[in-house]
Structures are given as structure tokens and as C-alpha cells.
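J.: sequence and predicted model, in that order:
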Amino acid sequence: MNSKNDHFSRLTVAWLALVALTLVSLGLSEWFRDARWLPLLVAAIIWFKGALVARCFIESHVAHPFIARVLSVFVAMSPLALIATAFFGGTLARWASL
Amino acid sequence: MDYFPPSAVDLQPVDGHQGRCQPPPEQCKFPHRPPTMTAAALPAEPPACPESPCRIPGNKGIWAGITCEFVEFGVLFAVYFIARSHFPQAFHDGAQRLSVTAGTVITLLMITSSYFIACSVNAIRQDKHRPAVIWLIAGLVVALGYPLTKALEIDWNLAHGINGESGIFFTVYYYLTFTHLVHATWGILGILWVLARLSFRGYSSEDYAGLEALASYWHATDIIWLVIFPLFYVLA
């Protein structure tokens, strides 16, 4: 048996981390509902969970550069947009007005 | 013996060595080198070993599809953020009316089915055929919980007077989550197909590109849900 190819423990740790982060984000929404910095923390959790799936499940770190870039850009896009909307929502609305 | 013909997730290269371990392709070693052949004449590259740098998880066809899926959801998320910047109060109030339980259950189902399917790929790489089938069946069963939970959530929404005309937040919520459900349904159909091929020993440690292509698509759909969940259920 080639144990070098067995990534079961790594996959399990990633899954547990994803479950824990999901539950933590629920707690955050309940405890810090009106905190101004909540979108910043939620954005960080979105990015970390996406990066975790990309790295541990898709193995983006050993994938073709195009695939790695597509994943990196998509995972980073929403957290950045969330921060922009939370802290510069008025400016964004002006730019996006017809 | 392989009883099933290849499908969209089983695009076969012209040399028939799908999924076999090969050194990284020359184009990957020198990504900026211009190709010396036209795309039409270029034979498909067999994927490299699991640990090789620059490998293509699954096959090129599925990554063309996943890239299109990311572009589609990128546009939908842009609409979400533009609407949110225009109507911050509607988005703040709207999220408090949704069922957080349904959103959390769907998230846990997506994460868990993704994990089970990743374990199936991990098993087939070691030529553990039976565990690979069991992990994939587990992934399918858990994945089927998503449309079921979504149906219950819509029922709950309608009982609480939430429909597509309840305001800008709910309009965005319905078209984004329905679009994701459609993509997940394609993924579930893909799991059924790959499971049928795997059951008849259509994949092995030498040739598992179809299974890995399906897994890549499901993980990509999982990543999209991991963005949707906090935007609609957490940021109340």
C-alpha cells in the first residue's frame, strides 16, 4: 500500500475545519450582529473556507497555473467585494448608478 | 471491464491514456512559451501524477465548464453587491427573515458530500475500489439532502410570506440560490453517472480522470455555496 498517496487524514482535518468555521460564523452573526467589523471577519472566513476547499480537495497547489489562478481569483473576489460594500457602499452605489 | 461509454466528465484524449501518470507537459514547464501546433492539431495531454506540479485535476473539458460556472456566478455576485450597496437596509432586514437552520444544513451537506467525494478519489488512487464506491455512494446520499432541504426551505419561506416579489433582497436570494440548485442538480446527475461507471470498474488507480473531474465540479459548486451562505444567512 502506498501510504504516501493516502491523504485521508488531511481531507478529514480540512472537513472538520470547514464544519467548525461554519458554526463559528453562525455564532458571530448572533453575538456581533451590529458590530461594524463583522463583514471584515465574515470576508476572512469566506476566503479561508474557499482556499481550504481549493487546496485540500481540488489540490490547487499542484494544479496547472491557469486552474490555480482561476480558483484564487474566484475565492478572493467575493470577500473583497464584501469589504468594499461594507465600508465604501455609498461610493460603490454611486459608481454603479445609471 | 468497462460497460459504459465515456460521458462529458470522461473526455478521452486521442491517445487513450486518460488519467495515467505522466510527467508534466512541456507547455506547463514553460507556460509562456508559444505553442508550436494549432489547437486543432494538438493532441490532448494525459494528466500528470497526483503530486506532479501543473497537473490538471480531472480533464480540460471540466475546467472549461468550471471556469464558465465561475464567470456566471461572478456576474450574479456582482449584481448582489451592487444591489446591497444601493439597499443596505433591505439586505440587513431581509437576512433576518430567512431560515438560518436551512442555510446551515445545506452548508453542512455540501461540505460533507464534498469531503466524501474527495475520499472516493483518494481511495481509487490507492486502487481501493470498494471503499471508493462506498465513499461515492455516501457523497451521493448526502448530496441528495440538498434539494430536499431546499424544497423544505421554500415551503417554509412561502408559509412565512416570502416569495420572489417580497423585495429586492428576496429577488436576489431566489435567483442566486435557484441557479446554484440547478448547478448542484447537474452535479448530482454527474455523481450518478460516475457511480455507475465506478461500480462496473470503469476507473482504477491508472485511470480515474472521470471521477476526479466530477469531484472537481462538485468542489467548485461547494465553493460557490460557501460564498452564498454568509451573504444571505450570516450577514443579518
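T.: Here it is on my side, so go on. Numbering: from 1, shown residues only, chains lettered A, B, ... in the order given.
J.: would you map the helices across chain B?
T.: Secondary structure of chain B (DSSP state H): helices located at B:26-29, B:60-86, B:88-97, B:100-125, B:129-159, B:168-199, B:209-229.
J.: and the third one, what's buried?
T.: What that stands for is helix B:88-97. Neighbour-count burial for helix B:88-97, with 16 or more other Cβ atoms under 10 Å in any protein chain shown as criterion, is recorded at B:A90, B:F91, B:G94, B:A95, B:R97. C-beta: built from backbone N, CA, C; applies to glycine.
J.: tell me the angle the helix of greatest length in chain A makes with helix B:209-229.
T.: As assigned by DSSP H, the longest helix anywhere in chain A is helix A:65-95. Orientation check (axes from the mean of the first three to the mean of the last three Cα atoms, to 10 degrees): helix A:65-95 against helix B:209-229 gives 20 degrees.
J.: now the angle between helix B:60-86 and helix A:65-95, please.
T.: 20 degrees.
J.: what helices and strands are in contact with helix A:65-95?
T.: Here helix A:65-95 is seen to pack against helix A:38-52, helix B:60-86, helix B:209-229 when contacts are counted using 3 or more Cβ pairs under 8 Å, 6 or more residues apart in numbering or on different chains; DSSP states H and E.
J.: mind running it again at 10 Å?
T.: Applying 3 or more Cβ pairs under 10 Å, 6 or more residues apart in numbering or on different chains; DSSP states H and E, we find helix A:65-95 packed against helix A:38-52, helix B:60-86, helix B:88-97, helix B:209-229.
J.: check these for me and report the most buried one.
T.: helix B:209-229 (a mean of 27; mean count of other Cβ atoms under 10 Å in any protein chain shown).
J.: where does chain B have low pLDDT?
T.: B:1-53, B:236 (pLDDT under 70).
J.: might one say that B:E72 is in contact with B:I224?
T.: Yes: counting by Cβ atoms under 10 Å, B:I224 is a contact partner of B:E72 at 9.5 Å.
J.: find the residues that touch each one of the two.
T.: Residues touching both B:E72 and B:I224 (Cβ atoms under 10 Å, 6 or more residues apart in numbering or on different chains): B:T179, B:H183.
J.: next, see if stretch B:71-89 gets close to chain A.
T.: Yes: counting by Cβ under 10 Å from any Cβ of the partner chain, chain A has neighbours in stretch B:71-89: B:71, B:73-74, B:77-88.
J.: closest to A:R10 out of the helices of chain B?
T.: With distances scored as Cβ to Cβ, the stretch of the helices of chain B nearest to A:R10 is helix B:100-125 (9.0 Å).
J.: in that closest one, which residues are buried?
T.: Buried residues in helix B:100-125, defined by neighbour count with 16+ other Cβ under 10 Å: B:100, B:102-125.
J.: same thing with stretch B:130-141?
T.: Across stretch B:130-141, burial judged by 16+ other Cβ under 10 Å covers B:A132, B:V133, B:W135, B:L136, B:I137, B:A138, B:G139, B:L140.
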